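Enquirer: mind looking at a prediction? Sequence and model below.
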Amino acid sequence: MQPTFSLMVHGGAGTLEAADDSVVASRYLDALRAVLEHGRTLLAAGVSALDTVERCAALLEDDPLFNAGRGSVLTAEGRIEMDAALMDGRNLAAGAVATVRNIANPVKLARRVLDEGTTVLYVAEGAMRFARKQGFAECPEIDLITEARRQELASLTDAVRYSPPDKLGTIGVVARDLTGNVAAATSTGGRTGKPAGRVGDSPIIGAGTWADNTSCALSCTGNGEDFMRTALARTAAAFVELQGLTAAEAVARTLEYLEARVNGLGGLILIDHAGRCAAGFNTPRMIHGWIEHGGEIHCRL
Ligand code: ASP
């Protein structure tokens, strides 16, 4: 059989009422399609899964529509604190950063952490020091803040502060390349109105992000605390690795587990070692798209 590649992306799970508007919906779908097209070009040319997820995630971070990089949601104090991670399924190498501020593409910083190889997760000022040492460009926080996110924060009432299930976001990319290696990347501004210093599941390896050639690559989105308490990404991979489930079976089983154990909210995208794609969520929506075995692009809201 000819070698093929698979690629999946998500732009967050939630109520996402904005997507009821057909203009907004088509902006989301166009953005996903463009990223999938870009990823297809890379993977078809033999670029690795790890490089592909990094580059596709950076494109989604650059798009202010999504809650990552520019367009990240704001903390209770109106600041930006972003989290990101990548993982390489070949050797379980991982790199992550949390609560970073002046970085346009946190996923690229997470990649530097992975490549540097001594540390898996840097946070806050330590992450910024690492970025400076690596000669990483810093950007003014104001450049990452959009008017839409300011309004979103202002519209939160005290009653819903920090946990409105409709304000979830985050971006994620998973890929399996022509050589059969898998990789995952997740990047987020977190939750609107979150307290300073709060870290979600996205940069926690095994909670929001996971990749292992022996099982699958996956990226989660949703209420991060639920995903951390269930080590959800690693749990999903265990269903593939230890129970031999397919991508679709593992996603269904993972969501059942999330609900049964912590009544958790959110979704995930997953590509298994055979390149099969699956997505699932228990929120009204999850923005996502995929290319399975080099085939057609599919996008869903
Ligand atoms: N999981 C992210 C977090 O809790 C948020 C999201 O996916 O929307 O930080």
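Expert: Received, thanks.
Enquirer: host element of whichever residue of the stretch 1-150 of the chain sits closest to the ligand?
Expert: Closest approach between the stretch 1-150 of the chain and the ligand, counting by CB to the nearest ligand atom: residue 12, at 5.0 Å. Quick note: C-beta positions are derived from backbone N, CA and C, even for glycine. Taking DSSP states H and E as the criterion, residue 12 maps to strand 6-14.
Enquirer: could you point out the helix or strand that follows that strand?
Expert: Next along the chain after strand 6-14, with elements defined by DSSP H and E, is helix 22-44.
Enquirer: whatever helix or strand comes next after that following helix near the ligand at all?
Expert: Moving toward the C-terminus from helix 22-44, the next helix or strand (DSSP H and E) is helix 49-62. No - Helix 49-62 lies out of reach of the ligand by CB under 6 Å from any ligand atom, never closer than 12.7 Å.
Enquirer: quick one: mean pLDDT over the strand holding residue 12.
Expert: If you average the pLDDT over strand 6-14, you get 93.
Enquirer: please save the CA atoms from it in PDB.
Expert: The C-alpha atoms that make up strand 6-14 are tabulated as PDB, following Å, rounded to 0.1, in the frame of the first residue of the first chain:
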ATOM      1  CA  SER A   6      -3.500  12.100   8.000                       C
ATOM      2  CA  LEU A   7      -4.100  15.500   9.600                       C
ATOM      3  CA  MET A   8      -6.600  16.900  12.000                       C
ATOM      4  CA  VAL A   9      -7.200  20.400  13.500                       C
ATOM      5  CA  HIS A  10      -9.500  21.800  16.000                       C
ATOM      6  CA  GLY A  11     -10.400  25.400  16.900                       C
ATOM      7  CA  GLY A  12     -12.100  24.700  20.300                       C
ATOM      8  CA  ALA A  13     -15.200  23.200  21.800                       C
ATOM      9  CA  GLY A  14     -18.100  25.100  23.400                       C
END
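Enquirer: what's it packed up against?
Expert: helix 22-44, helix 49-62, strand 171-176, strand 216-222, strand 266-272, strand 277-281, strand 285-291 (3 or more CB pairs under 8 Å, 6 or more residues apart in numbering; DSSP states H and E).
Enquirer: for residue 233, give me the backbone phi and psi.
Expert: Here is the backbone geometry of residue 233 (degrees, to the nearest 10): phi -70, psi -40.
Enquirer: ok, the residue of the stretch 1-150 of the chain closest to the ligand touching residue 186?
Expert: No - if you go by CB atoms under 8 Å, residue 12 and residue 186 don't touch, sitting 10.5 Å apart.
Enquirer: how deep is the residue in the stretch 201-301 of the chain that the ligand sits nearest to tucked in, by neighbour count?
Expert: Here the stretch 201-301 of the chain gets closest to the ligand at one residue, residue 224, 2.3 Å apart by CB to the nearest ligand atom. Other residues lying near residue 224 total 28 when counted by other CB atoms under 10 Å.
Enquirer: repeat for residue 70
Expert: Residues near residue 70, counting by other CB under 10 Å, number 20.
Enquirer: got it, and residue 147?
Expert: Per other CB under 10 Å, the neighbour tally for residue 147 reads 8.
Enquirer: same check, this time on residue 124
Expert: Residue 124 has 16 nearby residues by other CB under 10 Å.
Enquirer: which non-adjacent residue is nearest it?
Expert: residue 99 (4.7 Å; CB to CB, 6 or more residues apart in numbering).
Enquirer: and residue 245, by the same measure?
Expert: residue 239 (4.7 Å).
Enquirer: also residue 42?
Expert: In space, residue 42 is closest to residue 52, 4.7 Å off (CB to CB, 6+ apart).
Enquirer: can you list the residues of the stretch 51-200 of the chain near the ligand?
Expert: Counting by CB under 6 Å from any ligand atom, the stretch 51-200 of the chain sits next to the ligand at 168-170, 188, 190-191, 200.
Enquirer: most neighbours, which of those residues?
Expert: Neighbour-wise, those (other CB under 10 Å) top out at residue 170, 35 neighbours.
Enquirer: pretty sure it is touching residue 186, no?
Expert: Yes - using CB under 8 Å, residue 170 is in contact with residue 186, at 6.6 Å.
Enquirer: of the residues of the stretch 51-200 of the chain next to the ligand, which one scores lowest on pLDDT?
Expert: For those, the pLDDT minimum is residue 168, 59.
Enquirer: give the helix, strand or coil label for residue 83.
Expert: Under DSSP: H, G, I helix; E, B strand; the rest coil, residue 83 falls in the strand class.
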